[in-house]
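Colleague: Return atomic coordinates for the entry below.
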Amino acid sequence: MEQQQQQINQFIVQLEKYCNDLQSPNGALRDAAEKFIIKFTTMASPYAVCFSLFEQSQSSLVHFYGLTALRDAIIREWATLDAGAKWSITERLMKPPIEWAPSLIENTVVFDLVFELYPLVKTHKDISHVLRNIMICLCCLNGEIMEGSETTKLYMCNIIDRVAPLLASAIQQQQQQQQQLTNTNWSEIEDLSQLVRFFCSNFQFQSFLLIPIEKSRTFFENLTKYIIASMEYLKLTVNSDDIDLEDELENEFFFVLIKAWVGLLADIENVQNKSKKSKHILNNEYFTYLVGIIKVCSEQIYSNYIKTRIELSILELTNDKNQSSNDDNEIDQDKNKYNDQLKVISYLGRINPGISMDLLTKEINKTVDQLINSGDARAFETLHWLILLAGNLLFDSEVVLNGIPNKLETYTYDQSQAGAAKDLVVELSNAVFRYCLDFELKAMLHYKSVEQFSPLIAETCTWFLDGWSLVYLYPTLDLNINISPKLMEAFGPPKQILPQLIGSPHWKEMLSLPAEFLRLNPKIQAKIFSSFTRVVYSAEDPSEKQHRFIQLTQSITNPLDTVFQRADFKNIAQNPEVRETLFTLLHRLNGIVSIPEEVNTYEDEVPLHLAFDLFHKYANAFVSLIPLYIHYPDTVNLILTLFSQFTKFQLETVDEERSKKIFPILVELFNTISNVSQTNTSKVNLENKEQYNRIKMQLRIINNIILFNDVQNNYPKLIVQAVLHGICVTIPCITNNGLLEYTKLSNTFFSIIHFLFSSDTIDLSAFPPNIFNTLLSLIEYGIAHHDTEIANHSLNSILALAKNIQGMLESSIQVDISFTTQLVGSMINFLLLHDFNMDELLYNASNAFIELVILNTDGFKSKVNQLIQHQEAWLHPRLTNSFTQLLNSIEQYKKDKNNENREGYLNNIKKFISTVKPLLKKN
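Modeller: As a prediction, this is how the structure comes out:
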């Protein structure tokens with residue numbers, strides 16, 4: 001090995017000499033140099049020489065010919081290289097050292113290598129994917145390697161010139177492939193979206209001011225076309241049976257592109273804010289022109305998104321798989337699933353607030369006209385999405401008591417000062433209200449019932465009114481100093497509506513619940529109770545707040561007390577009328593517990609735990625309902641949803657006394673689910689989605705307990721006990737029915753495992769042996785999962801488990817560590833025999849591996865010997881030497897208690913992998 005490196009070093013010295021001779025006036029020296037360089041650039045397998053000269057030589061000409069030789073060799077030999085060699089080459093290319101700067105910036109040989117090679121191997125899934133990852137790395141290049149505006153300008157132009165054809169090809173491909181989305185082109189468009197994202201976030205808008213205006217304009221316009229084309233892909237997946245593909249397309253492709261675009265918009269604001277004092281940028285014609293281009297493109301993206309979302313709403317409504325599940329079309333489902341997307345889109349809409357509000361106003365009015373004139377039920381789904389979009393544009397739905405968004409406030413105020421006849425905020429708000437007044441109210445007066453109402457739209461309108469009223473009927477004057485006079489005229493002067501409402505003599509009348517209210521969909525009732533709970537919590541006087549809360553909840557407590565106190569409750573529980581009543585009451589209580597008390601709590605005010613105490617009063621009774629209603633999955637899932645909302649919103653300010661009461665009930669909840677699951681053995685699959693949702697809700701409850709912010713560490717044992725019981729119940733359901741295939745559910749599950757193994761209070765002996773062994777098997781499965789978050793959760797679980805056991809041994813607690821030998825073997829296989837994302841996983845994998853080797857060195861040696869014996873005999877000495885050096889490094893790390901050079905040890909593992917991995921057989 002050393003002799004080979006000496007030969008390479010001598011060759012580099014010769015190459016540097018001949019590169020200098022190329023510039024010599026002596027013809028003989030030049031001829032000899034040319035012959036040597038031609039021989040080098042046509043050399044077979046020059047990879048080791050090329051990578052060494054990149055790191056050692058300072059000559060730009062040497063780098064140039066090295067890159068030329070590397071490019072030609074890869075194109076010439078790629079088909080004959082084994083997998084290990086291919087990985088080693090691409091790994092080195094993806095991490096260029098600082099010494100490569102002249103070669104990357106001053107000439108285009110690297111770009112030529114990657115981008116010219118790509119069309120030749122595009123049909124090869126794995127190789128093309130690797131090359132696209134290299135392109136992403138090129139787009140991320142920054143820091144010391146990029147010095148000065150001229151360097152940035154040159155480099156950006158090189159990237160844009162080569163990315164432009166990729167975008168054009170992707171747009172053309174979308175236009176030609178209207179029928180299907182294959183795994184191959186899905187991988188391509190996903191990688192291309194990441195490339196765009198990293199390029200935009202790396203260079204940002206202000207860097208585009210450095211390059212020629214035509215290049216910037218063309219890039220923005222092509223990116224806009226690509227984003228719009230991505231919306232067409234969303235339509236392609238609606239009719240497919242692959243639900244996970246739909247989610248990935250929304251989140252890993254379209255949403256990534258939208259975030260990249262919004263990142264450019266956010267940087268424009270940064271530039272504007274920094275330049276307010278010195279007007280040289282803001283007054284720059286180039287800046288003004290590019291901002292204008294961005295605004296036009298943003299308007300195109302927003303308007304096309306509105307159009308696409310309307311078309312998707314109709315497609316999804318007619319799709320069989322959506323009709324089979326009531327949850328898919330509910331507002332909570334849509335708000336939760338698309339929450340981040342709607343927020344980003346609303347930011348985009350506020351760039352051109354007038355155009356966006358006018359567009360939504362016209363679409364909502366057109367849809368309401370359609371309902372009034374034809375009664376077409378499909379319009380309800382469209383209206384649902386339009387109201388969601390209008391709400392997210394007009395207010396920030398997750399921010400309590402926030403003011404009017406600045407861009408809307410500025411726009412409407414400026415328009416009023418310019419003498420505009422209408423206020424577009426008022427027009428858009430009135431369009432939503434028009435549905436309630438012109439359709440719902442008239443239908444109720446005509447038919448004398450609410451049967452013509454859409455439960456979905458009723459929920460959506462309630463959500464809209466809840467958020468809208470807090471902004472436009474309860475404005476914060478400190479945040480809104482330029483409110484449009486027309487808006488003030490339409491909706492009244494700013495005043496504290498909620499405190500006035502709670503003190504109104506009509507408050508009690510509003511809670512008397514007229515008969516028509518009782519006929520509304522229970523989910524709508526839940527929304528109304530949520531709104532009234534916010535009103536209750538806004539009272540300043542604690543005694544007044546408690547009094548109003550009792551008034552609000554009497555319609556829940558009185559019937560619950562009547563039912564639960566009956567001696568024959570179990571007999572009457574099956575009565576349809578009783579069951580329906582309980583179902584409605586559970587929804588109302590769900591609306592109350594979903595509002596945290598601190599939402600309107602004044603500073604230094606002691607929480608009263610009103611919702612907590614109300615829920616706790618009936619919690620045991622709710623648990624007892626599960627076995628009674630096991631054949632009514634909607635009721636069981638509602639009970640689990642109630643517990644999920646409670647653990648999410650009501651534990652934040654809980655005191656010690658209350659925590660000791662509620663956590664045992666949570667444990668009993670999990671035990672009850674376990675008992676009924678043993679007697680109810682029907683298979684969990686997508687055809688039986690009710691049970692799938694039950695498992696999903698169980699995981700949410702467990703995850704909420706984990707996320708409970710126990711700041712003073714008062715209840716760690718209670719938390720761990722509850723989580724342990726929950727996971728023991730859930731594991732059989734997940735592992736026996738293939739549910740780990742579903743990424744979101746798996747992600748939550750593996751994060752819970754990580755929590756358990758990370759807990760200082762966990763007792764490994766508390767795990768039932770079969771459960772513990774299953775957890776270890778799942779961790780081994782998880783480290784190789786295609787989702788990097790799941791893989792990282794699993795790697796961190798191994799790290800936490802190893803540290804936990806090491807701590808027990810240091811405390812003289814006897815622990816049998818023999819089971820970790822299998823984990824050591826799994827980690828060796830993962831690092832050396834498995835292709836994985838080095839950027840996102842290597843750090844956590846290295847940490848976990850080091851701690852495992854420290855914990856069980858003998859197990860490590862055993863697994864290494866097994867691995868070496870499966871390799872060719874001539875490799876045994878070399879592999880033994882490499883593993884010995886690695887173990888010595890880890891043992892030195894163990895002695896270095898301060899671990900000041902931790903990064904150095906991690907880099908040793910990285911070098912070890914790069915050296916050993918290409919040598920090993922994978923079977």
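Colleague: Below-threshold pLDDT in the stretch 201-350 of the chain: ranges please.
Modeller: 237-252, 274-283, 316-337 (pLDDT under 70).
Colleague: Would you mind giving the domain segments of this structure?
Modeller: Annotated domains of the chain cover 1-92, 126-139+153-164+185-321, 328-472, 742-922 [the TED database].
Colleague: how about a markdown table for those, with mean neighbour count and distance to residue 563 added?
Modeller: The way it works is simple: take the backbone N, C-alpha and C, and place the C-beta from them, glycine included. Shown next, in a markdown table, are those (neighbours: other Cβ atoms under 10 Å; distance: least, Cβ to Cβ, whole Å):
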| stretch | mean neighbour count | distance to residue 563 |
| --- | --- | --- |
| domain 1-92 | 16 | 66 |
| domain 126-139+153-164+185-321 | 17 | 37 |
| domain 328-472 | 18 | 25 |
| domain 742-922 | 17 | 34 |
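Colleague: In CSV: the ones you listed, plus distance to residue 559.
Modeller: Formatted as CSV, these follow (distance: least, Cβ to Cβ, whole Å):
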stretch, distance to residue 559
domain 1-92, 66
domain 126-139+153-164+185-321, 36
domain 328-472, 21
domain 742-922, 35
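Colleague: For residue 641, which of those is the nearest?
Modeller: domain 328-472 (9.4 Å; Cβ to Cβ).
Colleague: Residue 612 touches residue 654, doesn't it?
Modeller: Yes. Using Cβ atoms under 8 Å, residue 612 makes contact with residue 654 at a distance of 6.5 Å.
Colleague: shared neighbours of those two, anything?
Modeller: Common neighbours of residue 612 and residue 654 (criterion: Cβ atoms under 8 Å, 6 or more residues apart in numbering): residue 662.
Colleague: In terms of neighbours, single out the busier of these two.
Modeller: The residue with more neighbours, out of residue 612 and residue 654, is residue 612; 23 against 20, by other Cβ atoms under 10 Å.
Colleague: Report the secondary structure element holding the more buried one.
Modeller: helix 610-628 (DSSP states H and E).
Colleague: How far off centre is that helix?
Modeller: 33 Å (Cα atoms, centre = their mean, to the nearest Å).
Colleague: what about dumping the CA coordinates of it to CSV?
Modeller: What follows is helix 610-628, C-alpha atoms only, in CSV (Å, rounded to 0.1, in the frame of the first residue of the first chain):
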residue,chain,number,x,y,z
LEU,A,610,-60.8,23.4,33.8
ALA,A,611,-60.7,21.1,30.8
PHE,A,612,-58.3,18.8,32.5
ASP,A,613,-60.6,18.3,35.5
LEU,A,614,-63.6,17.9,33.3
PHE,A,615,-62.0,15.2,31.2
HIS,A,616,-60.5,13.4,34.3
LYS,A,617,-63.9,13.2,35.9
TYR,A,618,-65.1,10.9,33.1
ALA,A,619,-61.8,9.4,31.8
ASN,A,620,-62.2,6.0,33.5
ALA,A,621,-65.7,5.7,32.2
PHE,A,622,-64.5,6.5,28.7
VAL,A,623,-62.0,3.7,29.0
SER,A,624,-64.8,1.3,30.1
LEU,A,625,-66.7,2.2,26.9
ILE,A,626,-64.1,0.6,24.6
PRO,A,627,-65.0,-3.0,25.3
LEU,A,628,-68.7,-2.2,25.1
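Colleague: in it, what counts as buried?
Modeller: 610-612, 614-616, 618-619, 622-623, 625-626, 628 (16 or more other Cβ atoms under 10 Å).
Colleague: can I get those in CSV with pLDDT?
Modeller: Shown next, in CSV, are those (pLDDT from 0 to 100):
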residue, pLDDT
610, 93
611, 94
612, 94
614, 96
615, 96
616, 95
618, 96
619, 95
622, 95
623, 94
625, 94
626, 92
628, 92
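Colleague: ok, so of those residues, who is nearest residue 588?
Modeller: Checking those one by one against residue 588 (Cβ to Cβ), the nearest turns out to be residue 614, at 10.9 Å.
Colleague: rewinding a little: quick check, nearest of the buried residues of helix 610-628 to residue 788?
Modeller: Looking across these and measuring by Cβ to Cβ, the closest to residue 788 is residue 626, at 36.3 Å.
Colleague: Which of the helices and strands in the chain ranks last by mean pLDDT?
Modeller: Sorted by mean pLDDT, DSSP states H and E, the helices and strands of the chain end with helix 320-323, the least confident at a mean of 43.
Colleague: Which neighbouring elements make contact with the helix or strand just after the helix holding residue 612?
Modeller: Using DSSP H and E, the helix or strand that follows helix 610-628 towards the C-terminus is helix 633-649. Judged by 3 or more Cβ pairs under 8 Å, 6 or more residues apart in numbering; DSSP states H and E, the packing partners of helix 633-649 are helix 576-593, helix 610-628, helix 656-679, helix 689-707.
Colleague: can you do 10 Å?
Modeller: Contacts defined by 3 or more Cβ pairs under 10 Å, 6 or more residues apart in numbering; DSSP states H and E place helix 633-649 against helix 522-537, helix 576-593, helix 610-628, helix 656-679, helix 689-707.
Colleague: Distance to residue 360 added to those, as a markdown table?
Modeller: Converted to a markdown table, the helices and strands packed on helix 633-649 look like this (distance: least, Cβ to Cβ, whole Å):
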| stretch | distance to residue 360 |
| --- | --- |
| helix 522-537 | 22 |
| helix 576-593 | 28 |
| helix 610-628 | 35 |
| helix 656-679 | 43 |
| helix 689-707 | 32 |
